[in-house]
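Chemist: mind looking at a prediction? Sequence and model below.
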Amino acid sequence: MIPVTKLDGTTYWINPHMIESMEQNPDLTVTFFSGKKIVIKDKPQEVIDRIVSYRRQIGVNALEI
């Protein structure tokens, strides 16, 4: 799970393996495979960096070489 910040400033944890897409206009909207969407304050690159860090932490990247 990775932390993101909702528009009201609260922290929310999401499963990065369930993200289908992200769209910035101007806030970042994250769409999940389930169709659920959340709008967050975080910048796209921040979320991407957290996903990469999380995947390294659980050892997924080693399997993708």
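Modeler: The structure has been received and is ready for your questions.
Chemist: so how far is the longest helix along the chain from its chain's centroid?
Modeler: In the chain, taking DSSP state H as the definition, the longest helix is helix 44-58. Between the centre of helix 44-58 and the centre of its host chain there is 8 Å, according to C-alpha atoms, centre = their mean, to the nearest Å.
Chemist: with stretch 17-31 instead?
Modeler: When C-alpha coordinates are averaged (C-alpha atoms, centre = their mean), stretch 17-31 and its chain have centres 8 Å apart.
Chemist: related to what we said a few turns ago, buried residues, the longest helix of the chain. List them.
Modeler: Of the residues in helix 44-58, those buried under the neighbour-count criterion (16 or more other C-beta atoms under 10 Å) are Val47, Arg50, Ile51, Arg55. From N, CA and C alone the C-beta is placed, and that goes for glycine too.
Chemist: contacts only, for the third one.
Modeler: Contact criterion C-beta atoms under 8 Å, 6 or more residues apart in numbering gives Ile2, Pro16, Ile19 as the residues in contact with Ile51.
Chemist: restricting to C-alpha, output the longest helix of the chain in CSV.
Modeler: Only the C-alpha atoms of helix 44-58 are listed here, as CSV (Å, rounded to 0.1, in the frame of the first residue of the first chain):
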residue,chain,number,x,y,z
PRO,A,44,1.9,12.3,-10.6
GLN,A,45,5.7,11.9,-10.2
GLU,A,46,5.3,11.6,-6.4
VAL,A,47,2.8,8.8,-6.8
ILE,A,48,5.0,7.1,-9.5
ASP,A,49,8.1,7.3,-7.2
ARG,A,50,6.1,5.8,-4.3
ILE,A,51,4.9,2.9,-6.6
VAL,A,52,8.5,2.2,-7.7
SER,A,53,9.7,2.3,-4.1
TYR,A,54,6.9,0.0,-3.0
ARG,A,55,7.6,-2.5,-5.8
ARG,A,56,11.3,-2.5,-4.9
GLN,A,57,10.5,-3.1,-1.3
ILE,A,58,8.4,-6.2,-2.1
